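Chemist: Show me how the following folds:
(2 chains)
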Amino acid sequence: MSATYKRTLVTSALPYANGPLHIGHLAGCYLPSDIYVRYKRSKGEDVLFICGSDEHGAAIPIRAKIEGTTPKEIVDKYHKIMGDAFKEFGISFDVYSRTSKPIHHETASDFFKVMYDKGGFTEEVTEQYYDEEAKQFLSDRFIIGTCPKCGNPNAYGDQCEKCGSTLNATDLINPKSTLSGSKPVLKLTKNWFLPLDKLQPKIQAYLDQHKDWKANVTGQCKSWLDSGDGLQPRAMTRDLDWGVPVPVEGAEGKVLYVWFDAPIGYISATKELRPNDWELYWKDKETRLIHFIGKDNIVFHCIIFPAMLMEHGEFIVPDNVPANEFMNLEGNKISTSKNWAVWLHEYLIDFKDRQDDLRYMLCANAPETKDNDFTWKDFQTRTDSELVSVFGNFVNRVLVLTNKNHDGIVPEASEYTKSDLLILEELRKFPDVIADSIEKFRFREALAEVMNLARLGNKYLADTEPWKLIKTDEKRVRTIMNIATQIATNLAIVCEPFLPFTSEKLFKMLNISPLRWAHAKNTNNIHAGHKISGKIDYLFTKFEDAQIQAQIDKLEQSKKNNVTITIPESKPETSFDDFSKMDIRTGTILEAERVPKTDKLLKLKIDVGIDTRTVVSGIAEWYKPEDIIGQRVSVLVNLAPRKIKGIESQGMILMASNAAGELSFVNSTKPDFNNGSEIK
RNA sequence: GGUGAGGUAGCUCAGUUGGUUAGAGCAUCGGAUUCAUAACCCGAAGGUCAGGAGUUCAAAUCUCCUUCUCACUACCA
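Modeler: Residues are numbered from 1 along each chain as shown, chains lettered A, B, ... in the order given. Reported below is the predicted structural model:
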């Protein structure tokens, strides 16, 4: 299929510039794309590799506000950290751009304009809050007010973090702008929507043409198309001042939705790289467009972006989106906020010049078909017993024998035995086998084949025993060592996409310039009489137990530290009057049972002194019903009753919540306090 | 609860459209060997393919049910 294409455009998901990169990013997206691109380049194919930082979206100004700095400082900081980490790990982007660049603003803006002029959007006018002092519309996150449901005075416009309910900013009582503190006013605002509902048949047809996509990818697309009412219109503009301004009259103070502008970043980065012929890569039917992403991005790359490209009209659409699943770490989900991660910039310090060891592990154990687990112990085992013992050892045996018996000069092959010819035949097969796996995006399989080539070499040496024969039949040994050296040379070629640093090192030790993929089919890449480097170094070394243990300890530590990391800021001042409106009493749980068909809810019967009442509470994740009978609790008793899952809840239990989101009962510490005692 | 993806050897994972005796690496055990980083090479053992029912000459693979894990989503007063 790829034979009909003249060139390939490969993109990697634009990482969001509000935090550093970890091994999950590498394993899920950047490493596979890099392997793919390096392989294509080695084959001499026309390929571009595009990436950059995603620097827009509401999360960045919010983070800036929290850290007391500007959005620009945030994105500058992380753009550098991420770009450096990619470079250090050999992720060989042809361009690493960023969406804050003028060229991107211009490209995204034009893209929107073209779609707009064609009537590609529907307009919808809604009432949104506007801050008259700051002179801008407020996105939901910038408004706080009293939650209409639980009375929490600090609910955000999109969600009340106290009761968890999803809100509209207009639902809030006493809304306040977090920008100026002033009371926002309701103003009509217009936003532009991509009518995905109307585009559904087109998207369906597009997906139907790509039955060869990975199961996890098609599965998720299907669930969007088939669920409920199918696709829904989605707003492509936001009332925000951080991003690409909407290039339409009457759109002052609006920017493009971050998910509209981010994938266009692929286009603007290509423009930046190839100002003269970028269109060849985006508009020519003979270009194959491939997006490497993690599973969290599937919907945007398989549905929304293709829809945008189709509606714009001039562009080709993605031919494949080989999304990976997630990588877990030591049995737990990787989490930036919980600091449960192996950070790339830290790995580079702790394990200097050992990028290929990590590249190897993350590819050999990549989450290609399902979520996988990374453990440090496994990492140590696999590098020790595979990279060191199989790959490195084979190369070392060849080089040491050559130096010892042949003064470092590659000996000539004279007569091939039958088994020699079989080995050479095997050797010639490897590049195609490996290539076939890479073309199918099966990188772990491809890497396993690379290792099999090293195994072939080890076996050949074990079978022919040149160190014994050297005493009796030097001529035969010369042939054997010639073949062994050819194997090592071809290994240097085929390992390059996966282990670029190792490949370079190996070519240096062989004292030849790097060869390309097509050469790997030859069995005489290194000529008799060639002098290899006198300086022989191990390609890989084992990890010390202490090094590995230190990493495990570091993670354990961050688990503990994490609890104190994020303590929520104190809320605005309140009055005693407001507080004394709350009627909080001590109580005792008499009965507890799970609410059917929910994960978190327990139905409780509580004696609060005044009466015995039913309370529904979202604590099932932390407490088992049978364990909390007789538990003393604090209950807000004058909260308006509310029906939850058909059960009327008559109050609310007070819970302490720590940084990890765990809940704990709050109660009076003297056991003989009677139910119904006031808490004030 | 809804949707999607999964459950295969002690561990980490392959198994393409149903087709001989279900594979690999690591770990384990035995053998051989010393050029090599206690490395390599040969061999053995190890599986009721989550459980059950069905379709078929034939099921890890297709259908249904049950169960568990993960992601998104709903539920949180």
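
Chemist: quick one, strands of the stretch 1-150 of chain A?
Modeler: Under the criterion DSSP state E, counting those that start in this stretch, the stretch 1-150 of chain A contains strands at A:7-12, A:46-53, A:95-98, A:122-131, A:136-137, A:143-146.

Chemist: okay, these in CSV with distance to residue A:373 and mean neighbour count next?
Modeler: C-beta coordinates here come from the backbone N, C-alpha and C atoms, glycine included. Rendered in CSV, the data for the strands of the stretch 1-150 of chain A read as follows (distance: least, C-beta to C-beta, whole Å; neighbours: other C-beta atoms under 10 Å):
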stretch, distance to residue A:373, mean neighbour count
strand A:7-12, 23, 23
strand A:46-53, 26, 24
strand A:95-98, 30, 21
strand A:122-131, 44, 16
strand A:136-137, 44, 20
strand A:143-146, 40, 22
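
Chemist: Ok, which of those strands comes nearest RNA strand B?
Modeler: strand A:143-146 (12.4 Å; C-beta to the nearest atom of the strand).

Chemist: Quick one: residues contacting residue A:649.
Modeler: Listed by C-beta atoms under 8 Å, 6 or more residues apart in numbering, the contact partners of residue A:649 are A:614, A:615, A:616, A:617, A:641, A:642, A:643.

Chemist: of those residues, list those near RNA strand B.
Modeler: Applying C-beta under 7 Å from any atom of the strand, the subset of the contacts of residue A:649 adjacent to RNA strand B comprises A:615, A:616, A:617, A:642.

Chemist: Show me what from the stretch 501-650 of chain A comes close to RNA strand B.
Modeler: Proximity of the stretch 501-650 of chain A to RNA strand B is assessed by C-beta under 7 Å from any atom of the strand, with A:538-542, A:595-601, A:615-619, A:636, A:639, A:642, A:644-645, A:649 identified as the residues in range.

Chemist: Report the buried members of the residues you listed.
Modeler: A:539-540, A:595, A:601, A:615-619, A:636, A:639, A:644, A:649 (16 or more other C-beta atoms under 10 Å).

Chemist: farthest-separated two in those residues?
Modeler: A:539 and A:639 (67.0 Å; C-beta to C-beta).

Chemist: where are the low-confidence patches of chain A?
Modeler: Scanning chain A with the threshold set as pLDDT under 70 gives A:1-3, A:133-173, A:177-181, A:227-229, A:559-572, A:596-597, A:599, A:658-662.

Chemist: which ones are touching the residue nearest to residue A:513 when sequence neighbours are not counted?
Modeler: Distances taken as C-beta to C-beta, 6 or more residues apart in numbering place residue A:507 nearest to residue A:513, at 6.8 Å, with adjacent residues excluded. Contacts of residue A:507 were listed using C-beta under 8 Å, 6+ apart, and they are A:492, A:513, A:514, A:515.

Chemist: Give me the three-state assignment for residue A:507.
Modeler: Three-state assignment for residue A:507 (DSSP: H, G, I helix; E, B strand; the rest coil): helix.

Chemist: distance of it from RNA strand B?
Modeler: Residue A:507 sits 16 Å away from RNA strand B, going by C-beta to the nearest atom of the strand, to the nearest Å.

Chemist: likewise residue A:447?
Modeler: Here the distance between residue A:447 and RNA strand B works out to 11 Å (C-beta to the nearest atom of the strand).

Chemist: Is it correct that residue A:677 is in contact with residue A:584?
Modeler: No - between residue A:677 and residue A:584 there is no contact under C-beta atoms under 8 Å: 9.6 Å.

Chemist: Looking at those two, which is more packed in?
Modeler: Neighbour totals were compared for residue A:677 and residue A:584, and residue A:584 leads with 21 against 16 (other C-beta atoms under 10 Å).

Chemist: tell me the phi and psi of the more buried one?
Modeler: Dihedral angles of residue A:584 (phi, psi; degrees, to the nearest 10) stand at phi -110, psi 130.

Chemist: how about the strands of the stretch 1-150 of chain A in JSON lines, adding distance to RNA strand B?
Modeler: As requested, the strands of the stretch 1-150 of chain A are exported to JSON lines (distance: least, C-beta to the nearest atom of the strand, whole Å):
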{"stretch": "strand A:7-12", "distance to RNA strand B": "20"}
{"stretch": "strand A:46-53", "distance to RNA strand B": "22"}
{"stretch": "strand A:95-98", "distance to RNA strand B": "26"}
{"stretch": "strand A:122-131", "distance to RNA strand B": "19"}
{"stretch": "strand A:136-137", "distance to RNA strand B": "23"}
{"stretch": "strand A:143-146", "distance to RNA strand B": "12"}
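
Chemist: For these, give me CSV that also has distance to residue A:248.
Modeler: As requested, the strands of the stretch 1-150 of chain A are arranged in CSV below (distance: least, C-beta to C-beta, whole Å):
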stretch, distance to residue A:248
strand A:7-12, 27
strand A:46-53, 25
strand A:95-98, 24
strand A:122-131, 10
strand A:136-137, 15
strand A:143-146, 25
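
Chemist: out of the contacts of residue A:649, which one sits closest to residue A:252?
Modeler: Out of these, the one with the shortest distance to residue A:252 is residue A:642. That distance is 40.8 Å, counting by C-beta to C-beta.

Chemist: Residue A:648 is in contact with that closest one, correct?
Modeler: Yes - in this structure, residue A:642 is within contact of residue A:648 by C-beta under 8 Å, at 7.3 Å.

Chemist: dump the residue contacts of residue A:284.
Modeler: Contact analysis of residue A:284 by C-beta under 8 Å, 6+ apart lists A:6, A:7, A:316.

Chemist: actually residue A:494, sorry about that
Modeler: Residue A:494 sits in contact with A:430, A:431, A:434, A:450, A:453, A:517, A:520, where contact means C-beta under 8 Å, 6+ apart.

Chemist: hmm, try it at 6 Å
Modeler: Shown in contact with residue A:494 (C-beta atoms under 6 Å, 6 or more residues apart in numbering): A:434, A:450, A:520.

Chemist: what do you get for residue A:669?
Modeler: The contact partners of residue A:669, by C-beta under 6 Å, 6+ apart, come to none.

Chemist: now residue A:520: how far from residue A:508?
Modeler: Residue A:520 sits 18 Å away from residue A:508, going by C-beta to C-beta, to the nearest Å.

Chemist: and residue A:333, how many neighbours?
Modeler: Other residues within reach of residue A:333 by the criterion other C-beta under 10 Å amount to 13.

Chemist: in the sheet, who's paired with it?
Modeler: Using DSSP bridges, the beta-bridge partners of residue A:333 come out as residue A:328.

Chemist: Just the ones in strands from the contacts of residue A:649, please.
Modeler: Of the positions in the contacts of residue A:649, A:614, A:615, A:616, A:617, A:642, A:643 sit in strands, assigned by DSSP state E.

Chemist: among these, which two are most distant?
Modeler: Put simply, by C-beta to C-beta the two of the ones in strands among the contacts of residue A:649 set farthest apart are A:617 and A:643, 14.2 Å from each other.

Chemist: For the residue of the stretch 551-680 of chain A found nearest RNA strand B, give me its contacts.
Modeler: Of the residues in the stretch 551-680 of chain A, the one nearest RNA strand B is residue A:652, at a distance of 2.6 Å by C-beta to the nearest atom of the strand. The contact partners of residue A:652, by C-beta under 6 Å, 6+ apart, come to A:636, A:639.

Chemist: Tell me the bridge partners for it.
Modeler: Beta-bridge partners of residue A:652, counted by DSSP bridges, are residue A:636.

Chemist: tell me the helices in the stretch 451-600 of chain A, going along the chain?
Modeler: For the stretch 451-600 of chain A, the helices defined by DSSP state H, counting those that start in this stretch occupy A:466-469, A:474-494, A:500-510, A:545-565, A:576-580.

Chemist: I meant to write the stretch 201-350 of chain A there.
Modeler: Secondary structure of the stretch 201-350 of chain A, counting by DSSP H, counting those that start in this stretch: helices at A:215-226, A:258-273, A:278-283, A:298-299, A:305-312, A:344-350.
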